[in-house]
Structure formats: C-alpha cells, structure tokens
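S.K.: next comes the sequence, and after it the predicted model I'd like to discuss.
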Amino acid sequence: MSKLKLYGYPQSRAVRTLWLLEELGLPYDVVEVTMASGATRSSEFLKINPAGHVPAIDDDGFKLSESMAINLYLAKKHGKLYPSDPHGEAKAWQWSFWVMSELDKPIVNWIVNGVILPVEQRDTKLALQSREEMEWPLHVLNGELGERKFLADPNAFTIADLNVASVLYRLLFVDLKDKPHLEAWLKTCWDRPAAKRARAMRE
C-alpha cells in the first residue's frame, strides 16, 4: 500500500489532518500546495480536488477533500478516535459540522483583520463584528463542556474533540477565563503529543 498523500501546508486547514495523522500513526507524505503560489488552481491539483482548495488527500487512489470529511473518514477507516456507537458517531458529525458553520469563518476573519494583515489593510469593523459573532457559539461550547469532559464520548477524546479544537487553535492565545470549561478542554486537546507535533509543523 502506498503512503497517504496530504495536499496542503501546515499553516492552512491541513493542520487538522496533520494532527489526526499523527494521532493515527500513519505514514504519510505532505505535498505542499499553496494558494499564494497558484498551485491550488493548477491542472495537476484540480485532478485531486476540482474545487481547488486544500487540504485534500489521495489515500491509495481514493481522493477526498474538505478537512472535516477527511478526518471523519480516516478516523472511521482506521478505527481510532472514532465513536463506537451510532449516538457517538452522530455527535461527532454534529460538532464537526457545527464548528465549521458557527466558528470557522468568524475566527479567520477576526484573526486576518485583527492580527495578520498590515494595519492599513485591516477591516476593523469586520474584525469586531466577527469577534462578536464568536461569542454565542463559544458560550454554547463552554456550557456543553461544563456538563461533560469531551464532546462525543463523555469520558474519551474522539475525532469530535480533535475537529473542534483544531478550528479553535487561535483561541489558545486568547484570554478565555470567562469560559473556564472551554479553556481547560482546549488546553487538554492541544497538550496531546500528536497535537504538539502538528502545532510544531504549523508554527
């Protein structure tokens, strides 16, 4: 069997899959594809993902894109971090879809316009609006984690936690003391050895 190929780069959403691959202990190769280089629109990459976005994988000929779909697929295929019953599985889907719908975009907009772009290029209004949009879903997540230690299995870290925590990476550098359950859980997730290895690749 050939090595799994991950297309993307660690500073992108591909870090989510890098984290999972480290958790699974799978051999893999990273094929660096970036938007800045124009490679995501190259004819070669469009054969991997016609939508022209990273991450994407080639798993022994099976091509798949979208970070949450990739992670759910790999965790289920390899039988690690994937819930063992239908209720846990449904919760893993729920939280993975929820975090993309509720938090992925506002976090990106907030960071890009509050930190990454040169001051003169920032949209301060969008940054403030995005930070405000984040508050309710973060409150929801803090409340959930006050009732249970982890998201899909009350007592065990699963792909649901990895997927959600990966989206919230930037919040590691934010004061979350008003959301103590969320703060503790996020630190627990990112303190895992595999998470630290993925973070080292990103930073």
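M.R.: Structure received.

S.K.: what are the ranges of the helices in the protein?
M.R.: For the chain, applying DSSP state H gives helices covering 14-24, 43-46, 67-78, 86-99, 105-111, 124-147, 159-167, 180-190, 193-202.

S.K.: can you tell which of those is closest to Gly61?
M.R.: Relative to Gly61, the nearest member of the helices of the chain by CB to CB is helix 67-78, separated by 13.8 Å. C-beta here means a position set from N, CA and C on the backbone, and glycine is covered the same way.

S.K.: not counting its neighbours along the chain, what's nearest the residue nearest to the spatial centre of the chain?
M.R.: By CA atoms, centre = their mean, the mean C-alpha position of the chain lies nearest to Ser166, the distance being 3.5 Å. Leaving aside its sequence neighbours, Ser166 sits nearest to Arg16 (CB to CB, 6 or more residues apart in numbering; 3.9 Å).

S.K.: can you give me the distance of the residue nearest to Lys187 when sequence neighbours are not counted to Arg202?
M.R.: Using CB to CB, 6+ apart and skipping the chain neighbours, the partner closest in space to Lys187 is Leu172 (7.6 Å). Applying CB to CB, to the nearest Å, one obtains 11 Å for the distance of Leu172 from Arg202.

S.K.: and for Asp153?
M.R.: 26 Å.

S.K.: average pLDDT for stretch 81-96, rounded please.
M.R.: The predicted model assigns stretch 81-96 a mean pLDDT of 97.

S.K.: list the buried residues for that stretch?
M.R.: Neighbour counts using 16 or more other CB atoms under 10 Å place Leu81, Tyr82, Pro83, Gly88, Glu89, Lys91, Ala92, Trp93, Trp95, Ser96 of stretch 81-96 among the buried residues.

S.K.: pretty sure the first one contacts Leu20?
M.R.: Yes. Shown here, Leu81 and Leu20 form a contact pair, counting by CB atoms under 8 Å, at 7.4 Å.

S.K.: report how many residues lie close to Val140.
M.R.: Summarising burial for Val140: neighbours were counted as other CB atoms under 10 Å, giving 14.

S.K.: okay, now the unreliable bits of this structure?
M.R.: Segments of the chain classed as low confidence (criterion: pLDDT under 70) are 1.

S.K.: in it, which residue sits furthest out from the middle?
M.R.: Note on the chain: the largest C-alpha distance from the chain mean falls to Glu120, namely 29.2 Å (CA atoms, centre = their mean).

S.K.: now that one: how far from Asn113?
M.R.: 12 Å.
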